[in-house]
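K.L.:
Provided below for reference: sequence and predicted model.
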Amino acid sequence: MTDLMGYCDPQSLAPGDTLRVMVSCLGADAFRCDIVRVLSAEAGPDHPPFREEVVANPVNRDYPARRQPIEIGSFALVPPSPELAACESFTLSLYVYPTLPGQGRQGLAGTWSAASRSGFALVLNEAGAPEVLLGDGKGRIGRLSTDIPLYARRWYFLAASFDAASGRLHLLQQPLADKSFHPARRVSAEAQTDVEHLVRPGPFLFAAWHVEDVARPTPGGGLRAGGFFNGKLDSPRLSRRALSEAEALALAGDAPPSGLEAAMVAAWDFSADIASERIRDLSPNRLDGVTVNLPTRAVTGHNWRGHEMHWLKAPREYGAIHFHDDDLADACWLPDLEFPVPQDLPSGCYTVRLRAGEAEFHVPFFVRPSRGQSVAKLVYLASTATYTVYTNNLGRFTGTPELHHGRLTVLDATDELLLKHPELGLSTYDRHRDGSGVCYSSRLRPATNVRPKGRLWNYCADMFVVDWLSRSGEPFDVITDEDLHREGLGILRPYRCLVTGSHPEYFSGAMLDALDAFTRGGGRLMYLGGNGFYWRIAYHPQQPGIIEVRRAEDGTRAWIAEVGEYYHSFDGEYGGLWRRQGRPPNLLAGVGFISQGFDASTPYRRTPQSRDPRAAFVFDGIDGELLGDFGMLQGGAAGLELDCYDAGLGSPPHALVLASSENHSNVYQLVAEEIAVAHGATDGVQNPRVRADLVFFETAGGGAVFSTGSIAYAGSLGSNNFDNNIARLTANVLRRFLDPTPFRIPDCGR
Amino acid sequence: MFRIDPNRVDLAREYKARPFGVHSGDLQMVLNLMRALPVEGHHVLVMSKPHREWTLAVMGGRPPRPRLQPSQVFTSLEAAEWHVFKLRWQMLTGQPLQLD
Ligand SMILES: [Fe+2]
């Protein structure tokens, strides 16, 4: 068995840019790399064959194989400092909210190095009880535990002190008051040790301890950490002498009493710089640090009382960071090859195709046109935001999605890589090991589920659209969500018509604003998907390719954000559904999410409205009432995820519902955000709102919108070798949408 | 709570005739019970040839991994569904499913 995988950076490039490709290959001496243009999805015997074209280039050759490890697990790190070196005696205090106490030893804070057994740390021991330890660097370790395990998901104040002169260790464990009746009690323990503290000048770590320094890049700047903590830490304080319990408690407060300044080494405030990867020390020593692998910020702290839900409005109540042993921001692999994008390479969807033995792994990237060089009037928007948040959706295999999919879960050899290599990290559809939702996802790691083969979903299903476009004869460019986010409307200006993929679900404010302005200004939008424009996301303010999602308040959610944690850390905006922020998808697309189910798709049936002369161009050459009673995605054009027209959510009154799907199965359920009082009549058999609406409308600026409201639609384009009524209808729309003649809004009499 | 009545082989026939799509309410209750079985021991399919051949597997271990059942290979998803339906019927009713 060969384990072959890779990723690239950047993901979207123009000719002249250079693609860096990072590969790990275990079980072979060499791997083969070829740059290929992907023109279709691999969809099996019932579909036209998979099409990929090798791009002739010197980088296409064999490369020596090597294994590249991934350092998963988040922590925070303060670089070495003389101030830390002066902490032979110390008091270390913090608030802690453990989520997996008792599941292995977990580092909370300190200079401890596992390799040299020197420095000191506050940890949770195997039983989940706090323990302070220090080492002499010769193998002897002094330690003290309260021996009372912490409850999971409760706040405690811990203070550990050591007096080097007397060898006295002290440890305080103080549960915080809350509105529960948990019986946790205050404990303090004391012991004497003759172990000398071999002081380390740092680094000082939170939520892990130092294991070793390595010669390769790691997320921790060449450092490897271990003993990852799961849970929240808040307001750590470090002093250079053994404080009394009263002094330690006083120092933990907002206004430290006078007299303690001289002893204080650091007072970290995690509520500062929340939108960044910095942690700030408020003491004059400025022992600032960085977070590693994106632990979750903008989370409720030990003193959050539920009066304020926004961290920007009550930052002092958001002084916690939630660490997870399965956080991952960047695999930090070394490049195996670099591909300078040739000047004549056409804009399109490409992959780095890696092969070794029986293994094959595709690393998708997108080539956009050179600035100002394109003549195309048509642009395809690759849903890279959606791909990124879905990256490595482990829960599809470790949960029971069969219940809402309505069919057996199918996986293949590439999917199995994710089960074999959990260090590849999680998607925002997953929960962390401690049960909390994964709200950050990065593309800076191999993605086992973003490829033109395997499950017909997202990237793979979108290739049905790309395949159809590439056969349409119309020249088209490819841009990505990330480009649209970064550049806004400007990147759309050359184009007359924009086509989406099958599931453009995740949109930042900048992306949505750009698409809205494009359409409002005369542009034409072909939304060939379902459940689009649904979640609000934030891109990381500095690091491209990292996205935040807070599954707040409402919606079809893989997890539910903790109360008080609905606002993005990256940009301070309210997370969750666009619908919950005054921008339902219906405003832009004329339709919005209504139901999902994955067992069977159905056709659309033409409506009386479709006979309106305004829609005549859509049905040119189309006979019959049923549209798309065939297709690669469960046998019909309407399925998987469905959107419908809803005037109450802002679908325009002049929009024409050209066709509606019918006869959806019991698996299809009305989405949660449509149900105020739970009842039993929510499935496709009983609820008439469970349907996809095919919608067309004109915009004031001469533009127009065509929406299919169904993910499965894309899978019908290629049926009967692209000769079918869905392909014909879509081509009719495309032709008219590329015609510069302005659309006119009908006179509605008001 | 709902339990499968082993005498309701009519529901099995209904499922065999149409594994995907609209089902009777009674059949849907059977399927919900079957599909909610725990991850440990859950049946899944491993696509052994792209969209044309699937091998039965059972999830097991921590973290769960698919354990292939190489003797159970299907060339249609419908056939695979029917096979798993019969296995689960026996598991949940204690009786093999017999359609004369
Ligand atoms: Fe989705």
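P.N.:
Happy to help now that I have it. Numbers count the residues shown, from 1 in each chain, chains lettered A, B, ... in the order given.

K.L.:
and for the residue lying closest to A:G701 once chain neighbours are set aside, the neighbour number?
P.N.:
In space, and not counting its chain neighbours, A:G701 is closest to A:G522: 4.2 Å by Cβ to Cβ, 6 or more residues apart in numbering or on different chains. Any C-beta I mention is one placed from the backbone N, CA and C, and that applies to glycine too. When neighbours are defined as other Cβ atoms under 10 Å in any protein chain shown, A:G522 has 16 of them.

K.L.:
now A:Q68
P.N.:
With other Cβ under 10 Å as criterion, A:Q68 counts 18.

K.L.:
for it, give its distance to chain B.
P.N.:
Per Cβ to the nearest Cβ, to the nearest Å, A:Q68 is found 22 Å from chain B.

K.L.:
per-residue pLDDT of that residue, please?
P.N.:
With respect to pLDDT, A:Q68 scores 98.

K.L.:
contacting residues around it?
P.N.:
A:M22, A:V23, A:S24, A:A331, A:W333, A:L334 (Cβ atoms under 8 Å, 6 or more residues apart in numbering or on different chains).

K.L.:
one step back: what kind of secondary structure is the residue nearest to A:G701 in?
P.N.:
coil (DSSP: H, G, I helix; E, B strand; the rest coil).

K.L.:
with neighbour count added, can I get the contacts of A:Q68 in CSV?
P.N.:
CSV is the format used below for those (neighbours: other Cβ atoms under 10 Å in any protein chain shown):
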residue, neighbour count
A:M22, 22
A:V23, 27
A:S24, 24
A:A331, 25
A:W333, 24
A:L334, 12
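
K.L.:
between the residues you listed, which sits nearest A:T480?
P.N.:
Distances from A:T480 to the contacts of A:Q68, taken as Cβ to Cβ, are shortest for A:M22 (19.1 Å).

K.L.:
helix, strand or coil for that closest one?
P.N.:
A:M22 ends up strand, using three-state DSSP.

K.L.:
name the SS class of the spatially closest residue to it that is not a sequence neighbour, please.
P.N.:
Excluding the flanking residues, the one nearest A:M22 by Cβ to Cβ, 6+ apart is A:W333, at 3.7 Å. Recorded secondary structure, A:W333: coil (three-state DSSP).

K.L.:
who are the contact partners of residue 72?
P.N.:
Answering for chain A, as no chain was given. A:N293, A:D325, A:D326, A:D327, A:L328, A:P422, A:E423, A:G425.

K.L.:
meant chain B actually
P.N.:
Applying Cβ under 8 Å, 6+ apart, the residues contacting B:Q72 are B:T55, B:L56, B:H83.

K.L.:
quick one: the second one and B:A80 touch, right?
P.N.:
What that stands for is B:L56. Yes - if you go by Cβ atoms under 8 Å, B:L56 and B:A80 touch, sitting 6.8 Å apart.

K.L.:
contact residues of chain A facing chain B?
P.N.:
By Cβ under 8 Å from any Cβ of the partner chain, the residues of chain A that approach chain B are A:42-47, A:394, A:397-400, A:402-403, A:406-413, A:416, A:419-420, A:422, A:453-454, A:599-600, A:634-635, A:663-666, A:684-685.

K.L.:
just the buried members of those residues?
P.N.:
A:42-44, A:47, A:394, A:397-400, A:402, A:406-413, A:416, A:419, A:422, A:453-454, A:599-600, A:634-635, A:663-666, A:684-685 (16 or more other Cβ atoms under 10 Å in any protein chain shown).

K.L.:
helices - which of the residues you listed land there?
P.N.:
Using DSSP state H, the members of those that fall in helices are A:F397, A:T398, A:E402, A:A413, A:E416, A:L419.

K.L.:
the chain: helices as residue ranges?
P.N.:
No chain was given, so I picked chain A. So, for chain A - with DSSP H - the helices run A:82-85, A:245-252, A:384-390, A:395-398, A:402-405, A:413-420, A:459-471, A:481-487, A:509-520, A:585-589, A:713-716, A:719-722, A:725-738.

K.L.:
think we crossed wires, I meant chain B
P.N.:
B:9-17, B:25-35, B:77-93.

K.L.:
can you list contacts of the shortest one?
P.N.:
Counting contacts by Cβ under 8 Å, 6+ apart, the residues outside helix B:9-17 that touch it are B:23-24, B:26-27, B:30-31, B:81-82, B:85-86, B:89, B:97-99.

K.L.:
how does it look with 10 Å?
P.N.:
Outside of helix B:9-17, the residues within contact range by Cβ atoms under 10 Å, 6 or more residues apart in numbering or on different chains are B:4-6, B:8, B:23-24, B:26-31, B:34, B:78, B:81-82, B:85-86, B:89, B:97-100.

K.L.:
what residues are up against the residue in chain B that chain A sits nearest to?
P.N.:
Here chain B gets closest to chain A at one residue, B:H51, 2.4 Å apart by Cβ to the nearest Cβ. Contacts for B:H51 were tallied using Cβ under 10 Å, 6+ apart; they are A:41-47, A:410, A:412, A:453-456, A:632, B:77.

K.L.:
one step back: dump the helices of chain A to a markdown table, plus mean pLDDT.
P.N.:
Formatted as a markdown table, those follow (pLDDT from 0 to 100):
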| stretch | mean pLDDT |
| --- | --- |
| helix A:82-85 | 97 |
| helix A:245-252 | 93 |
| helix A:384-390 | 98 |
| helix A:395-398 | 92 |
| helix A:402-405 | 95 |
| helix A:413-420 | 94 |
| helix A:459-471 | 98 |
| helix A:481-487 | 98 |
| helix A:509-520 | 98 |
| helix A:585-589 | 98 |
| helix A:713-716 | 98 |
| helix A:719-722 | 96 |
| helix A:725-738 | 98 |
